[in-house]
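**Q** this one's structure only:
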């Protein structure tokens, strides 16, 4: 399982509610702050248009794709728009297999070890621990002791610059960051400020 796509910064920007009009300025703000993984959830306005814009502008330097992907048909739509990342709120193995068959990176959402093992068997590249509020660091640490070595666990939900450290020390490989980073109505300047706070928070984690 390769986690090269999580380098150099394993923080996934979740841009729920993003509009095509804001896609490029928000994308540029994130890129300039250091983000290299960008997700536009499919329940955003005209998400495929935003994904296409971001993929054309940043696709050679960032991993751009979709979140809240629920069906194999949506996997195909994301790929056709230029997306290379499929993020799911659930662990439907049919969707995971469709994503991998299409040559895309896939991060399904899981909330139990049973779901985690099934997702990995279907080809998941990383596991989205969702919602992270119900999966605190001690749970993540326990999962890490039984999952295959090198499994990338990415908590999503309620992540802030201040609580990343505890998860990281418990074994998190990175994070998905949503409303604390971006929400509709937040301009590129404010997005950039928040993005830098998350980058600083990640870089300040001391694992020793």
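**A** Arrived safely, thanks for sending. For clarity, every value in this text was computed on a predicted model and none was experimentally measured.
**Q** bridging residues for the residue positioned nearest the centre of the chain?
**A** Among the residues of the chain, the one closest to the centroid is residue 12, at 3.9 Å (Cα atoms, centre = their mean). Beta bridges link residue 12 to residue 37, residue 176 when assigned by DSSP bridges.
**Q** That one and residue 2: what is the separation?
**A** Distance, residue 12 to residue 2, by Cβ to Cβ, to the nearest Å: 16 Å. To be clear about C-beta, it is placed using only N, CA and C from the backbone, and glycine gets the same treatment.
**Q** Also residue 178?
**A** Distance of residue 178 to residue 2, computed by Cβ to Cβ: 25 Å.
**Q** Neighbour count: these two, which is higher?
**A** residue 178 (21 against 10; other Cβ atoms under 10 Å).
**Q** ok, now which ones touch the more buried one?
**A** 14, 16, 156-157, 159 (Cβ atoms under 8 Å, 6 or more residues apart in numbering).
**Q** In strands only, show me those.
**A** With strands taken from DSSP state E, the overlap with the contacts of residue 178 comprises residue 14.
**Q** Which pair in the contacts of residue 178 has the greatest spatial separation?
**A** Spanning the widest gap among those are 16 and 159, at 13.8 Å by Cβ to Cβ.
**Q** So for those two, which sits in the more crowded spot?
**A** residue 159 (26 against 19).
**Q** Excluding covalently adjacent residues, which one is nearest to the more buried one?
**A** Take residue 159 and drop its neighbours on the chain: the residue closest to it by Cβ to Cβ, 6 or more residues apart in numbering is residue 175, 4.8 Å away.
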